[in-house]
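Student: My questions concern the predicted model and sequence given below.
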Amino acid sequence: MQVTTKAIVLSALKYGDSSLIVRAFTASDGLKSYMLKGVLATKKGKLKAAYFQPFTQLELVAVHRNKGTLEQLREAKVYYHYQSVYSDMAKNAMTLFLSEMVGNSIQEEERNQDLFNFLEAALQWMDTHDDIANFHILFLLELTKYLGFYPDTTAMGSACFDLTEGAFIDAPTLNPLLAGDDLKHFKTFLGINFDAIGSVGMSKTSRHALLKAMILYFELHLQGFRKPKSLTILNEVFS
């Protein structure tokens, strides 16, 4: 079936000398993988390799067979042109990291318009704002809403947050926990929007610790989740 849909690129893997396998999250059908034969060998045609950088926002004309195999891509054009995401070193590092986090988190081939809308709006926000040091923390926290493990906030006054249970608790357990300053910073991100992230005061050390906890939170709640390789690059840029 031929579809025209918005899509956000998650990754592009070189295949052979001249082809790409592109994973993208589409508005129409969720996660899709496409084989782009010969796209690296020619500058002609409706598919250009430059379109398939992480988090590029595209409009696609594709053939979706929906059988779990590589799909066919006929046309692609950029519908939102980033102003700074690829030229700003910090934003570029964050884009690599977050695209890998999203790609490692979404496994199902199913439509999720709310998740698509979140990704689209969040990335456009990052593109048009300068104070992004805390962006990835809130992005990952908000992402858990659409993946089904957003923290249970009913007992926010408690002394700890249990990462395995995804809930606030009074007494420590053997599970990985957030407590003290890490817990205090974690709470400040609950219920805020991206416009408020600049008001969250954290040192680089605290931010690094909280990000480490967030990645562990994903590992605990998503079967088969892999730590992103680009985390090292992100830490170097923000140190």
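Tutor: Yep, that arrived. From a predicted model like this one, the values you see are computed outputs, not experimental measurements.
Student: how about the nearest residue to E59 once chain neighbours are set aside, what does it touch?
Tutor: Distances taken as CB to CB, 6 or more residues apart in numbering put Y79 closest to E59, at 4.6 Å, once the chain neighbours are dropped. Using the backbone N, CA and C atoms, a C-beta is placed for each residue, glycine as well. Neighbouring residues of Y79 by CB atoms under 8 Å, 6 or more residues apart in numbering: K6, Q57, L58, E59.
Student: gap between Y79 and E108?
Tutor: Distance, Y79 to E108, by CB to CB, to the nearest Å: 24 Å.
Student: cool, and Y51?
Tutor: Where E108 is concerned, Y51 sits at a distance of 25 Å (CB to CB).
Student: Same question for K212.
Tutor: Separation of K212 from E108 (CB to CB): 27 Å.
Student: In terms of neighbours, single out the busier of these two.
Tutor: More crowded of K212 and E108, by other CB atoms under 10 Å: K212, with 13 against 8.
Student: Just confirm that one is within a helix.
Tutor: Yes: looking at K212 with DSSP: H, G, I helix; E, B strand; the rest coil, it is inside a helix.
Student: Poorly predicted segments of this protein, please.
Tutor: Counting by pLDDT under 70, the chain contains low-confidence ranges at 239.
Student: can you map out the strands along it?
Tutor: 2-15, 19-26, 30-36, 57-63, 71-80, 160-162, 167-169, 177-178 (DSSP state E).
Student: Show me what the fourth one packs onto, helices and strands only.
Tutor: Strand 57-63 is packed against strand 2-15, strand 19-26, strand 71-80, helix 113-127, with contacts defined by 3 or more CB pairs under 8 Å, 6 or more residues apart in numbering; DSSP states H and E.
Student: by contact count, what packs against the longest one?
Tutor: With contacts taken as 3+ CB pairs under 8 Å, 6+ apart, helix 113-127 sits against strand 2-15, strand 19-26, strand 57-63, helix 89-105, helix 135-147.
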